[in-house]
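A.B. asks: need a 3D model of the following:
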Amino acid sequence: ATFPPPKWAVEDLIPEGLSIVGGRPKVGKSWFMLQVAHAVGSGGCLFDRPVERGRVFYLALEDNPRRLQDRIRKQKLSGSVDITFEHKWRPLHKGGLDDLLAELVAHDYSLVVIDTMARALRGVDLKNDQTTVSQALDLLQRIALERGIAIVLIDHTRKSSDFAADPVDDIINSTEKTAMADAILA
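C.D. replies: Predicted coordinates for the structure are as follows:
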């Protein structure tokens, strides 16, 4: 069989499909993904990697409008950058996935950022309700692959005293989450 080359939101960094960006709280995960979104929304390069211009949908679920505006200003995003921000969204397991699919059908996005997984699955015990978590991630991955886009979930890693030898294992409750991901940046 002959397959086309893989698509990348950021070459050799963020592929089409489902990716997880994990790190401890307040280390800059959201800032990093805002920088990625800026690069995709304007085109050019990021870390010397080529970035094709595309539309970005960014669920900034940990940010209120004032904080989001402050971050946008500090990143110097211009009006020509093609990013749609939302700071409120129904939980993925309570209609939010249907809303996301409708948004993706209505617009031609190449990158979706969900900041953070805990906020996107509000009300779910991420540690003990692995069925809901894995179902949501499975659907996100299928949506991404079927539409040929990159969906990136921002998530947290264990506290520093609990770090494992493998950064992927540091993603909290990693087995269910990381098994669904096409790429993991930790």
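
A.B. asks: find the centremost residue of this protein, please.
C.D. replies: By CA atoms, centre = their mean, the chain has its centre lying nearest to V152, at 2.0 Å.

A.B. asks: direction included, what does the strand or helix carrying that one pair against?
C.D. replies: Using DSSP states H and E, V152 sits within strand 150-156. Using DSSP bridges, strand 150-156 pairs in its sheet with strand 17-23 (parallel), strand 109-115 (parallel).

A.B. asks: hmm, back to that, is the residue nearest to the centre of the chain in a bridge, and if so with what?
C.D. replies: S19, V113.

A.B. asks: surely it meets V21?
C.D. replies: Yes: using CB atoms under 8 Å, V152 is in contact with V21, at 5.9 Å. For glycine as for every other residue, the C-beta is placed from the backbone atoms N, C-alpha and C.

A.B. asks: what sits in contact with each of the two?
C.D. replies: M33 (CB atoms under 8 Å, 6 or more residues apart in numbering).

A.B. asks: who touches the helix or strand hosting Q141?
C.D. replies: Per DSSP H and E: Q141 is located in helix 130-147. For helix 130-147, the external contacting residues (CB under 8 Å, 6+ apart) are 16-18, 92-93, 97, 100-101, 104, 112, 114, 120-121, 124, 126, 150-151, 153, 173, 176-177, 179-182.

A.B. asks: buried members of those into PyMOL, please.
C.D. replies: Command for PyMOL that selects the buried part of the contacts of helix 130-147, burial taken from 16 or more other CB atoms under 10 Å:
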select buried, resi 16+17+18+92+93+97+100+104+112+114+120+121+124+126+150+151+153+173+176+177+180+181+182
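
A.B. asks: where does pLDDT dip in the protein?
C.D. replies: 158-179 (pLDDT under 70).

A.B. asks: where along it do the strands fall?
C.D. replies: 8-10, 14-15, 17-23, 44-46, 49-51, 55-60, 83-86, 109-115, 150-156, 183-185 (DSSP state E).

A.B. asks: including distance to K29, could these go into CSV?
C.D. replies: Shown next, in CSV, are the strands of the chain (distance: least, CB to CB, whole Å):
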stretch, distance to K29
strand 8-10, 15
strand 14-15, 13
strand 17-23, 5
strand 44-46, 15
strand 49-51, 19
strand 55-60, 12
strand 83-86, 16
strand 109-115, 8
strand 150-156, 5
strand 183-185, 9
